[in-house]
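Visitor: I'd like to go over a predicted model; first the sequence, then the structure.
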Amino acid sequence: MLEVKNLEVAYGALTALHGVSLTIQPGEMVALVGPNGAGKSTLLKTIAGLLVPRAGAILWEGKRLSAVPPQRIVERGVALVPEGRRLFARMTVRENLELGAFTRRAQTERRAQIERVHAIFPRLFEREGQLAGSLSGGEQQMLALGRALMGLPRLLLLDEPSLGLAPRIVESIFSVLAELHREGMSLFVVEQNVHAVLHLARRAYILEGGRIVGEGEGQKLLQDDHVRAAYLGPLARGATS
Amino acid sequence: MILTQQLILGVLVGALYGLAAAGLSLTFGVLRVLNVAHGELLMLGGYGTFWLFTLWQIDPFLSLLYVAPAMFVLGLLLYGALFQFVVQANEEVRIKNSLLIGFGLTLILHTLAIHFWTADERAVTTSYGGAVVRIGVFAVPLIRLASLVFAFAILTALHLFLAKTRWGRAIRATAEDWEAAALMGIPVGKTYLVAFALGTVLAGISPSIGLEWTLKALIVVVLAGLGSLFGSFAGGILLGLAEATSVAFLGGPYREVMGLILFLIILVLRPQGLFGERG
């Protein structure tokens, strides 16, 4: 279980998160929505260890994660698929996947895990020898996700997995996330595509201005007036779901 | 005829420029710090070779078996004592601070060398020092030819290390995006340390002593662009050829000028370098 307690994160004098608290139960899929600049990416980066919180705590499976360096956090089963995918563009698809299994824990299962990723995304097998930078946007997102899976995470953090992708590809990425969830993985998803992610996730948090301002079941939030007005836009108001 | 002879020598000297530049390119590519003391590290390696030969008659090529590990350890120490504090800063501050540290280190090493070993140029004279290989009508100094083969072999070995091994890949991944590398579980601090130490080894085993070598290495790095070891090698040979041509047509004094002119032309026409992949 992941527990975030009163987390405060600042960039110099600028405070990005003002005491954020949330929990993710084992096997749960939780969404995080909010406007640009609300601190969503900051929260994920802090959980993954790229940022060090000013106050508060992050507990994972009962032990502190805050102020643990990122490479130790991956080793403990928490992986982040960062915003913008951040692939190693000048390395091949295969090399990217193998780097995903850099930790000692993942090294031993590398071969079996590559086969598993290839089974999920046959495209990555076809393009094995190509440079990651030459892939299409959708393929890059598949690779970013596959690379994170190589590290054998129990909790997967995803920052805007649908950003800039065609609807058909978004659908297939989301169906993979649903499949991982069914297999028992915990997922914490930041998404602009609020409609899709609230359908998929059982529970969601709303982050605005560095504070959690709402929490609830995904389906209920879809009916919530504030959520509909702020995130689903006028077009969604009349739509039924 | 004389021109061809000059060009052959140009290629041979250029290969050494390439080797010197490869170390600089590796540290800059991975750590994003510019170690201007690179030429002084070359000098230290050169002195190591010189004293091993003078005191114990150890062959200069064989002495690399001692010099290379010693330089590796020196690299670890320099990183631990100085450069590890620089890489924690953001990219712009990194470069500025690394320049300051590098210049300071240059002054210290330079002064120490003069104090202990005087400012005289030293050279190793081996039994095969004067040997010449004849290729057709052209005479090629054996040592220079051996150095070319040696430089190529070292760069090939380094290339294989970076391309094929787990740690080599970790170094390349860190060079591309250190945050993403950390997310993979790569201990970025350790890859910085190893890359810096390898860069120091590359400096130390370049068979030459000379204070203008940092400049040459910098010119080659600009010529070749960052990120390609064999690009550095080719860039080095290009600089060697350009210098040789200027010697043949304009005379010896223009040799150094030629490199700088080439430097300017490339900066204007292709700032990312001939083989570089980013600006």
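Guide: Yes, it's here.
Visitor: So, low pLDDT: which residues of chain B?
Guide: Scanning chain B for pLDDT under 70 picks out B:1, B:119-124, B:127-130, B:207-211, B:226-227, B:274-279.
Visitor: what does it have sitting close to chain A?
Guide: B:166, B:169-170, B:172-173, B:176-177, B:179-188, B:227, B:277 (Cβ under 8 Å from any Cβ of the partner chain). Quick note: C-beta positions are derived from backbone N, CA and C, even for glycine.
Visitor: In terms of residue numbering, what are the domains of chain A?
Guide: Split into domains by automatic domain parsing, chain A comes to A:2-77+A:155-238, A:89-152.
Visitor: Surely A:Ala79 is in a strand?
Guide: Yes: assessed with DSSP: H, G, I helix; E, B strand; the rest coil, A:Ala79 lies in a strand.
Visitor: Double-check it against A:Gly146; I have them as touching.
Guide: No: counting by Cβ atoms under 8 Å, A:Ala79 does not reach A:Gly146; the two are 11.3 Å apart.
Visitor: secondary structure class for the one residue sitting closest to the centre of chain A?
Guide: Residue closest to the average C-alpha location in chain A (Cα atoms, centre = their mean): A:Leu158, at 1.1 Å. When classified by three-state DSSP, A:Leu158 comes out as strand.
Visitor: Please name the nearest non-neighbouring residue to B:Met71.
Guide: B:Gly204 (3.2 Å; Cβ to Cβ, 6 or more residues apart in numbering or on different chains).
Visitor: Repeat that for B:Leu267.
Guide: B:Val222 (6.4 Å).
Visitor: picking that back up, surely the residue nearest to the centre of chain A and A:Phe174 touch.
Guide: No: counting by Cβ under 8 Å, A:Leu158 does not reach A:Phe174; the two are 10.3 Å apart.
Visitor: what's the neighbour count on B:Leu229?
Guide: By the criterion of other Cβ atoms under 10 Å in any protein chain shown, B:Leu229 has 25 neighbours.
Visitor: same check, this time on A:Glu171
Guide: For A:Glu171, using other Cβ under 10 Å, the count is 13.
Visitor: do the same with A:Leu163
Guide: Counted with other Cβ under 10 Å, A:Leu163 comes out at 16.
Visitor: quick one: the helices in chain A?
Guide: Under the criterion DSSP state H, chain A carries helices at the ranges A:40-48, A:70-75, A:93-100, A:104-107, A:110-120, A:122-126, A:137-149, A:167-182, A:194-200, A:218-223, A:225-227, A:233-238.
Visitor: Quick one: closest of these to chain B.
Guide: The closest of the helices of chain A to chain B is helix A:70-75. By Cβ to the nearest Cβ, the value is 4.0 Å.
Visitor: What are the buried residues along that closest one?
Guide: By neighbour count on 16 or more other Cβ atoms under 10 Å in any protein chain shown, the buried set for helix A:70-75 is A:Pro70, A:Gln71, A:Ile73, A:Val74, A:Glu75.
Visitor: pretty sure the fourth one is touching A:Ala101, no?
Guide: By that I understand A:Val74. No: counting by Cβ under 8 Å, A:Val74 does not reach A:Ala101; the two are 10.1 Å apart.
Visitor: what touches both of those two?
Guide: Taking Cβ atoms under 8 Å, 6 or more residues apart in numbering or on different chains as the contact rule, A:Val74 and A:Ala101 both touch A:Gly151.
Visitor: neighbours around residue 126, how many?
Guide: No chain was given, so I picked chain A. A:Glu126 has 12 neighbours, counted by other Cβ under 10 Å.
Visitor: Chain B, not that one
Guide: Neighbours of B:Thr126 under the rule other Cβ under 10 Å: 15.
Visitor: Give me the three-state assignment for it.
Guide: What three-state DSSP gives for B:Thr126 is coil.
Visitor: just checking, it touches B:Ile143?
Guide: Yes: using Cβ under 8 Å, B:Thr126 is in contact with B:Ile143, at 7.4 Å.
Visitor: still on that earlier bit, among the domains of chain A, show the one with the smallest mean pLDDT.
Guide: The stretch with the lowest mean pLDDT among the domains of chain A is domain A:2-77+A:155-238, at a mean of 89.
Visitor: Spell out which parts of chain A neighbour chain B.
Guide: Checking chain A against chain B by Cβ under 8 Å from any Cβ, the hits are A:48-50, A:69-71, A:74-75, A:79-80, A:82, A:86-91, A:95, A:98-100, A:102-103, A:106, A:147, A:151.
Visitor: out of those residues, which are buried?
Guide: By 16+ other Cβ under 10 Å, the residues of chain A next to chain B give A:48-50, A:70-71, A:74-75, A:79-80, A:82, A:86-91, A:95, A:98-100, A:102-103, A:106, A:147, A:151 as buried.
Visitor: now for the helix ranked longest in chain B, which elements pack on it?
Guide: Longest helix of chain B, by residue count under DSSP H: helix B:2-31. Secondary-structure packing of helix B:2-31 (3 or more Cβ pairs under 8 Å, 6 or more residues apart in numbering or on different chains; DSSP states H and E): helix B:38-56, strand B:138-141, helix B:142-164, helix B:166-176, helix B:188-204, helix B:213-224, helix B:229-250.
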